[in-house]
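> I would like the atomic coordinates for the input below:
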Amino acid sequence: MSWLSGERGVSAAARGKPSDGIVLPRVLRRPARLLGRLAAGELEAPRYSASMLTAGFLGAFSLYGAYLGGHIPTMAQAVTSRLGFAIDAVKVSGHHETSEIDILERLGLDGWTSTIGFDAESARERIAELPWVETAAVRKVYPDTLEVQIEERKAYAIWQFGSELSVVERSGRVIVPYSGGQQAKLPLIIGRGAPEAAPAFIEKMRRHPELALRIKGYIRVAERRWDLRFENGVTVKLPELDEDQALDELAATDREFGLLSRDIASVDMRLTDRLVVQLTPEAATRREAAFKERLKAASRPEKKI
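Residues are numbered from 1 along each chain as shown. Below you'll find the model as predicted:
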């Protein structure tokens with residue numbers, strides 16, 4: 001008896017074993033018996049079965065081609081968007097320095113993007129590459145909404161190095177080039193190594209607000225010490241060591257004598273035993289003229305009455 005006959009009298013072992021001794025896997029035994037019964041004329045194929053098989057073959061072939069060509073995600077997007085899952089709203093929060101337009105561009109929406117096929121993690125990574133963004137989160141809210149929440153970096157100071165101005169974090173990391181606006185209120189730090197050393201030094205200046213409020217820029221010299229540039233143009237050269245003591249002396253001298261309000265160009269505090277004051281060119285000229293006038297007055301003979 002043939003192993004494809006499908007007759008009930010055949011044993012289970014014989015049904016899974018063809019006449020030439022080949023044993024089919026269990027999953028193929030039932031389809032093999034069905035094909036055998038069709039071949040023997042015991043079963044009648046349904047109407048239009050050939051057309052259905054042809055359509056199924058062509059459909060499977062098309063799907064396989066789409067898979068090889070990487071078009072399955074696109075097809076899924078198109079189908080699901082037409083079923084009501086097209087992204088219709090995007091809610092962005094936490095952005096102050098970052099443009100909402102830049103965020104939307106990083107999402108890569110095209111009008112037919114669906115929430116089902118949208119890759120939120122890839123979008124989050126693209127948004128996190130924006131310069132002001134510290135962290136980003138992208139969440140899908142079905143059926144048609146995206147929620148984007150970002151946390152931005154904190155601007156600490158404006159760093160001038162050469163002719164370039166940059167906005168930096170407290171850690172010294174550059175965020176973006178300086179562009180003005182509200183950033184103009186940030187402290188100005190100048191020179192190599194200034195971003196890394198500034199936080200500790202500016203914290204010291206908080207003990208002397210009467211000085212800090214008048215400082216225009218903090219200049220890092222040779223990555224070892226600081227110069228203070230005041231709004232009226234006076235420069236104070238601090239020592240490399242004992243910064244705290246020098247600042248205390250500077251504040252006390254200014255309170256008592258109004259030192260930083262005088263017509264001077266700089267105050268050099270790098271020497272431990274003296275304070276050197278340099279006059280402005282105009283003040284030096286006036287002083288020299290006054291000195292010469294005193295010499296002339298002293299050399300004139302006294303008139304006798």
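> what about residue 265, how many neighbours?
15 (other Cβ atoms under 10 Å). C-beta here means a position set from N, CA and C on the backbone, and glycine is covered the same way.
> parallel or antiparallel, list what pairs with the host helix or strand of it.
For residue 265, the host element (DSSP states H and E) is strand 264-268. For strand 264-268, the paired strands and their directions (DSSP bridges) read strand 235-237 (parallel), strand 276-279 (antiparallel).
> contacts for the last one, please.
Looking back up the chat, that one is strand 276-279. For strand 276-279, the surrounding residues in contact (Cβ atoms under 8 Å, 6 or more residues apart in numbering) are 259, 263-268, 287.
> which one (most neighbours) among these?
Most crowded among the contacts of strand 276-279, counting by other Cβ under 10 Å, is residue 267 at 22 neighbours.
> now that one, nearest residue through space, not along the chain?
Nearest residue to residue 267, sequence neighbours excluded (Cβ to Cβ, 6 or more residues apart in numbering): residue 236, at 4.7 Å.
> tell me the pLDDT at that neighbour?
Per-residue confidence (pLDDT) for residue 236: 98.
> tell me how many other residues surround it.
Using other Cβ under 10 Å, residue 236 has 22 neighbouring residues.
> measure residue 180 to residue 167 for me?
Distance, residue 180 to residue 167, using Cβ to Cβ, to the nearest Å: 10 Å.
> what about those two, which has more around it?
Set residue 180 next to residue 167 and count neighbours by other Cβ under 10 Å: residue 167 wins out with 21 against 8.
> can you list the weak-confidence ranges in the chain?
1-24, 27-28, 34-35, 38-39, 41-85, 283-284, 287-305 (pLDDT under 70).
> which parts of it are strands?
In the chain, the strands defined using DSSP state E lie at 89-93, 133-141, 145-152, 157-161, 164-168, 174-177, 188-190, 215-221, 225-230, 235-237, 264-268, 276-279.
> wait, which of these is closest to residue 32?
strand 133-141 (46.1 Å; Cβ to Cβ).
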